[in-house]
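Chemist: kindly return the folded structure for what I paste below:
(chains A and B)
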Amino acid sequence: GAGVSQSPSNKVTEKGKDVELRCDPISGHTALYWYRQSLGQGLEFLIYFQGNSAPDKSGLPSDRFSAERTGGSVSTLTIQRTQQEDSAVYLCASSFGLLSGANVLTFGAGSRLTVL
Amino acid sequence: AQSVTQLGSHVSVSEGALVLLRCNYSSSVPPYLFWYVQYPNQGLQLLLKYTTGATLVKGINGFEAEFKKSETSFHLTKPSAHMSDAAEYFCAVSNTNAGKSTFGDGTTLTVKP
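Modeler: So this is what the prediction gives:
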């Protein structure tokens, strides 16, 4: 597509429920990133996929968080047993990665998660 | 390891005044440096980037930034602020051609009439 698409744009869930957030990157982009933006905070790195390489999961805050990228394209971020502190905007970004001269990220509009 | 520090979480200027948003970075290897902007209710978009070569880089909407290795800084400036510049600005560093970009905490710019 023309841009990075994320769904849902808004998600309200109850504490303890599982949620899935989806990201559809720009066609041809080999790198995909998930960041979290909490109110008044910067962008917290969560996970990074580059082609067929093993993902960099160093930013995932706990084992309740996981992500996968199927077929080198669409990615799903899953949060199990959600907690109130998980409330944030989850941003997905993609880039040409190793194919580019610099690591310029194109961001989606984000998925706003509210855990009650 | 890499990190970014943005000095001042909020900056307020009058319309027509100079805009200066500060960013300092740390990186164990030569960095790539970026400024991204997030307008209200919009996604982040690239404002400008430094990779190699000329240390003064120009971006969209009249913004520019200068890479100063000796000061490990990449401050963002604009000579004359416009009301439409009100947004949140993020500085980011990446020290490989791919791999994660580390972002600062952001600076919210307010422009007063």
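Chemist: spell out which parts of chain B neighbour chain A.
Modeler: Along chain B, the residues adjacent to chain A under the rule CB under 8 Å from any CB of the partner chain are B:6, B:9, B:32, B:34, B:36, B:42-46, B:49, B:51, B:90, B:92, B:94, B:96-106. All C-beta atoms are positioned from the backbone trio N, CA, C, and that covers glycine.
Chemist: narrow those residues to those in strands?
Modeler: Here DSSP state E is the test, and the residues of chain B next to chain A give B:6, B:32, B:34, B:36, B:44-46, B:49, B:90, B:92, B:94, B:102-103 as lying in strands.
Chemist: would you write out the ChimeraX command that picks the buried residues out of the residues you listed?
Modeler: A single ChimeraX command suffices to select whichever of these are buried according to 16 or more other CB atoms under 10 Å in any protein chain shown:
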select /B:6,32,34,36,44,46,49,90,92,94,102,103
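Chemist: tell me the one of the ones in strands among the residues of chain B next to chain A nearest residue B:24?
Modeler: residue B:6 (8.1 Å; CB to CB).
Chemist: which residue sits closest to that closest one in space, ignoring its chain neighbours?
Modeler: Across the structure, with CB to CB, 6 or more residues apart in numbering or on different chains as the measure, the residue nearest residue B:6 apart from its sequence neighbours is residue B:104 (3.7 Å).
Chemist: about what we covered before: in TSV, list the ones in strands among the residues of chain B next to chain A along with pLDDT.
Modeler: Listed next are these as TSV, based on pLDDT from 0 to 100:
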residue	pLDDT
B:6	96
B:32	90
B:34	94
B:36	96
B:44	92
B:45	93
B:46	93
B:49	92
B:90	96
B:92	94
B:94	87
B:102	89
B:103	92
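Chemist: check the ones in strands among the residues of chain B next to chain A and tell me the two furthest apart.
Modeler: Across those (CB to CB), the longest gap, 18.2 Å, separates B:45 and B:102.
Chemist: list the contacts for the residue positioned nearest the centre of chain A?
Modeler: A centroid search over chain A (CA atoms, centre = their mean) returns residue A:34, at 3.0 Å, as the residue closest to the centre. Residue A:34 makes contacts with A:23, A:46-48, A:67, A:75, A:77, A:90-92, as judged by CB atoms under 8 Å, 6 or more residues apart in numbering or on different chains.
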